[in-house]
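Q: here are the coordinates; sequence isn't available:
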């Protein structure tokens, strides 16, 4: 699904902070872009649904682990 609007972050901010990965579809690699972790956290903080607030615990742990790996 292509999203062009996000709560808590603009599209341009999300695009600049995007992450990419490759998927194989019918044995062909396809590069796809996803919202970066920092912006996903900002988005879920802005939405504030119970499910999103629950997700934040996990996402913040991943964020912390990534920062520790970079150090």
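A: Yep, that arrived. Just so it is clear, the structure is predicted and the values come from calculations on it, not from any experiment.

Q: mind listing what residue 34 touches?
A: By Cβ atoms under 8 Å, 6 or more residues apart in numbering, the residues touching residue 34 are 18, 19, 20, 21. Backbone N, C-alpha and C define where each C-beta goes, glycine included.

Q: now, those residues that are in strands?
A: 19, 20, 21 (DSSP state E).

Q: give me the distance between residue 24 and residue 33.
A: 16 Å (Cβ to Cβ, to the nearest Å).

Q: have a look at those two and say which one is more surrounded.
A: Neighbour comparison, residue 24 and residue 33: the larger count goes to residue 33, with 11 against 8 (by other Cβ atoms under 10 Å).

Q: how about the nearest residue to that one, chain neighbours excluded?
A: residue 18 (4.6 Å; Cβ to Cβ, 6 or more residues apart in numbering).

Q: wait, the one you found sits on residue 36?
A: Yes: look at residue 18 against residue 36 with Cβ atoms under 8 Å: they come within range, at 5.7 Å.

Q: between the two, point out the one with more neighbours.
A: residue 36 (18 against 13).

Q: hmm, residue 15 and that one touching each other?
A: No: taking contacts as Cβ under 8 Å, residue 36 lies outside contact range of residue 15: 9.5 Å.

Q: any idea how far residue 71 is from residue 65?
A: From residue 71 to residue 65 the distance is 11 Å (Cβ to Cβ).

Q: the two: which is more packed in?
A: residue 65 (10 against 4).
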